[in-house]
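J.: sequence unknown, structure follows:
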């Protein structure tokens with residue numbers, strides 16, 4: 001009987017320290033301060049306030065836990081990297097980033113539900129690959145057709161072409177202006193010559209009258 005009792009006690013003690021896969025907990029959650037960044041955790045990792053990590057008493061290191069804030073139904077997935085909390089009524093210590101995701105920074109303490117997370121959601125890679133349909137855009141065929149068309153255009157551009165010479169003819173209004181300018185210049189010259197001729201005739205008449213009067217006097 002004593003041996004049976006010892007076996008039962010041993011089994012109960014193991015069950016008390018080993019969480020069940022479907023076990024859920026409800027209790028108070030707190031979070032690390034930003035000042036704790038860089039501190040060494042029980043797993044040996046460095047704590048960072050922007051990481052989604054937590055401290056739990058019994059779950060093994062590396063276990064993923066889904067923590068849900070019961071007041072607003074917001075949830076976050078965290079990884080166990082430390083041991084604690086050891087205060088009465090507290091079941092989990094969250095990183096500063098996880099507490100921000102649950103919107104408990106202002107309160108400091110809130111009631112949460114903790115359960116083991118076995119899903120494969122983002123940011124973790126899915127266990128099964130996704131088969132994407134193959135789409136043929138016919139890029140190769142389009143490339144060859146473009147090349148042939150370009151070659152034909154280049155051949156056409158290399159062919160000799162004849163250029164027609166244009167005859168430059170003077171505009172009629174330009175010739176008229178030039179002719180009118182010549183006629184005006186010739187008329188001006190003729191007038192100047194006539195004026196000079198008249199002026200010379202006047203002086204010759206004056207000299208003639210003076211000579212005639214002098215002869216009459218003597």
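T.: Received, thanks. A quick note: this is a predicted structure, and the numbers were derived from the prediction, not measured.
J.: what's the separation between residue 91 and residue 190?
T.: Note on residue 91: its distance to residue 190, by CB to CB, to the nearest Å, is 128 Å. All C-beta spots, glycine's among them, are computed from the backbone N, C-alpha and C.
J.: give me the more crowded residue out of the two.
T.: Neighbours per residue (other CB atoms under 10 Å) separate residue 91 from residue 190, with residue 91 holding more: 21 against 10.
J.: how many neighbours does residue 188 have?
T.: Neighbour count of residue 188, defined by other CB under 10 Å: 10.
J.: distance of it from residue 110?
T.: From residue 188 across to residue 110, the span is 113 Å (CB to CB).
J.: which stretches in this structure count as helices?
T.: 2-17, 96-102, 139-158, 172-217 (DSSP state H).
J.: what residue ranges in this protein score low on pLDDT?
T.: In the predicted model of the chain, residues 1-2, 6-7, 10-22, 119-150, 157-186, 196-201, 203, 213-214, 216-218 satisfy pLDDT under 70.
J.: now with 50, please.
T.: 17-21, 122, 124, 142-143, 174 (pLDDT under 50).
J.: how many neighbours does residue 52 have?
T.: 17.
J.: same thing with residue 116?
T.: Summarising burial for residue 116: neighbours were counted as other CB under 10 Å, giving 16.
J.: which strand residues bridge it?
T.: Listed beta-bridge partners, residue 116: residue 65 (assigned using DSSP bridges).
J.: any idea how far residue 63 is from it?
T.: 7 Å.
J.: same check, this time on residue 151
T.: In this structure, residue 151 and residue 63 are 66 Å apart, going by CB to CB.
J.: returning to what we had before: report the set of residues contacting both of residue 116 and residue 63.
T.: Contact with both residue 116 and residue 63 is made by no residue, according to CB atoms under 8 Å, 6 or more residues apart in numbering.
J.: so who does the spatially closest residue to residue 71 that is not a sequence neighbour touch?
T.: For residue 71, the nearest residue in space outside its immediate sequence neighbours is residue 110; the separation is 6.1 Å by CB to CB, 6 or more residues apart in numbering. Contacts were defined as CB under 8 Å, 6+ apart; by that measure residue 110 touches 28, 29, 69, 70, 71, 102, 104.
J.: just among the residues you listed, which is most surrounded?
T.: Result: residue 29 is most packed of those (other CB under 10 Å), 26 neighbours.
J.: distance to residue 54 added to the contacts of residue 110, as JSON lines?
T.: Rendered in JSON lines, the data for those read as follows (distance: CB to CB, whole Å):
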{"residue": "28", "distance to residue 54": "13"}
{"residue": "29", "distance to residue 54": "9"}
{"residue": "69", "distance to residue 54": "14"}
{"residue": "70", "distance to residue 54": "17"}
{"residue": "71", "distance to residue 54": "18"}
{"residue": "102", "distance to residue 54": "11"}
{"residue": "104", "distance to residue 54": "13"}
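J.: in strands, which of those fall?
T.: Among these, the members falling in strands (DSSP state E) are 28, 29, 69.
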